[in-house]
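Asker: kindly return the folded structure for what I paste below:
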Amino acid sequence: MTAQNLSDAAHIGGVTLQVADLGRSVAFYCDLLGFTELERPAGDASLGASLGASLGASLGAPNGERPLVTLVERPGASPVPPRGRLGLFHFAILLPTRQALAAAIVHLHARHVPLGMSDHLVSEALYLSDPDGLGIEIYADRPRASWPRDGNELRMATDPLDVESLLREAGADAWRGMPEGTTIGHVHLHVGDIPAAEQFYSAVVGFDVVVRRYPGALFMSAGGYHHHLGANTWARGATAPAPDEAQLLHWELIVPDDAEVRAVGDRIRATGATVTDETAAAVMARDPFGTAMRVLAAS
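Answerer: Numbers count the residues shown, from 1 in each chain. Next comes the predicted model:
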């Protein structure tokens, strides 16, 4: 790892979301999407009480080491407006197999959930929104060796999904909830300016740019992945969410150890940005558009 690059093992951890109605959101994420509720601890100021919210519920997949989705209730929070806000475009749930994605399509179709569907060449994906309008992708990766390239960059697209081919993978397997091995594969953000996003997330935080030819968007990763982080300017003129709106409170970047947490924090501090030291193994900072990122150590 050079002074400016993340370790190849860096990856996304979980996301913390502010929602209007905890019971409604738990039903959506657990009963519909199939997450497992891990705990409902008492309020925690670091996760949103400063905005008038209290900690709600932590959700995960079987045998997962960390929560994947943490819900923080702010009663009556306004939904995400149709044109979006700076911050979350979607968070992406990575399923371990194509068969699991096929079973998810069958399940969600049977529950009459409106879905978008796309073939991104490197992955196959479904798109939906939660009850507060927060964007979600559910996807499965194609084998890494098959990812197409244009010179030094990966090539991604938004092509129609071959649903018939995918459903042939489902066979008799029924959806039984998020399978073991499910993770948050990437986070995709609305930003105000692509060059500023690249400067912060690539030059400072240390992600590698893997796709810059996609219209209005930039994709970055560690370790050659197709993307751990997307940034786009598709919500032109968007502003940051108000405290009383549904929103992404923060997302997690997992790095191998405390030393790398400190290195990332120091690089961000050197730009003049505020970095909050939570512990020796975790720091919090905001990007130029106000979106919070929590960097923490895997060990």
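
Asker: which SS state does Ala102 fall under?
Answerer: At Ala102, secondary structure determined by DSSP: H, G, I helix; E, B strand; the rest coil is helix.

Asker: that one reaches Glu169, doesn't it?
Answerer: Yes: with contacts counted by Cβ atoms under 8 Å, Ala102 reaches Glu169, the gap being 4.4 Å. From N, CA and C alone the C-beta is placed, and that goes for glycine too.

Asker: the more surrounded of those two?
Answerer: Higher neighbour count among Ala102 and Glu169: Ala102, with 23 against 17, using other Cβ atoms under 10 Å.

Asker: report the contact partners of the more buried one.
Answerer: When contacts are counted by Cβ atoms under 8 Å, 6 or more residues apart in numbering, Ala102 touches Leu166, Leu167, Arg168, Glu169, Ala170, Asp173.

Asker: quick check on the third one: phi, psi?
Answerer: This means Arg168. Comment: the main-chain dihedrals of Arg168 come out as phi -60, psi -20, following degrees, to the nearest 10.

Asker: return the helix or strand of the chain with the lowest mean pLDDT as CSV; C-alpha atoms alone will do.
Answerer: Within the chain, confidence by mean pLDDT, DSSP states H and E is lowest for strand 54-60 among all helices and strands, at a mean of 86. Extracted C-alpha coordinates of strand 54-60, given in CSV (Å, rounded to 0.1, in the frame of the first residue of the first chain):
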residue,chain,number,x,y,z
SER,A,54,-32.9,7.2,18.9
LEU,A,55,-31.2,3.9,18.0
GLY,A,56,-33.7,1.5,16.6
ALA,A,57,-32.6,-1.9,15.3
SER,A,58,-29.5,-3.7,13.9
LEU,A,59,-30.0,-6.1,11.1
GLY,A,60,-27.7,-8.7,9.5
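
Asker: returning to what we had before: narrow the contacts of Ala102 to those in helices?
Answerer: Mapping the contacts of Ala102 onto helices (DSSP state H) picks out Leu166, Leu167, Arg168, Glu169, Ala170.

Asker: ranking those residues by neighbours, who comes first?
Answerer: Taking other Cβ under 10 Å as the neighbour criterion, Leu166 ranks highest of the ones in helices among the contacts of Ala102 with 21 neighbours.

Asker: that one touches Ile105, doesn't it?
Answerer: Yes: when contacts are counted by Cβ under 8 Å, Leu166 is listed as touching Ile105 (6.6 Å).

Asker: quick one, phi/psi of Val106?
Answerer: Its backbone dihedrals place Val106 at phi -60, psi -50, with angles given as degrees, to the nearest 10.

Asker: again with Glu180
Answerer: Backbone torsions for Glu180, taken as degrees, to the nearest 10, come to phi -60, psi 140.

Asker: likewise Pro195?
Answerer: Comment: the main-chain dihedrals of Pro195 come out as phi -60, psi -40, following degrees, to the nearest 10.

Asker: pLDDT wise, what is it at?
Answerer: As summarised for this prediction, Pro195 has a pLDDT of 97.

Asker: gap between it and Arg262?
Answerer: Using Cβ to Cβ, to the nearest Å, Pro195 is found at 27 Å from Arg262.

Asker: do Glu39 as well
Answerer: 29 Å.

Asker: more neighbours: which of the two?
Answerer: When Glu39 and Arg262 are compared on other Cβ under 10 Å, the one with more neighbours turns out to be Arg262, at 17 against 11.

Asker: assign a three-state SS to the more buried one, would you?
Answerer: Quick answer, by three-state DSSP: Arg262 is helix.
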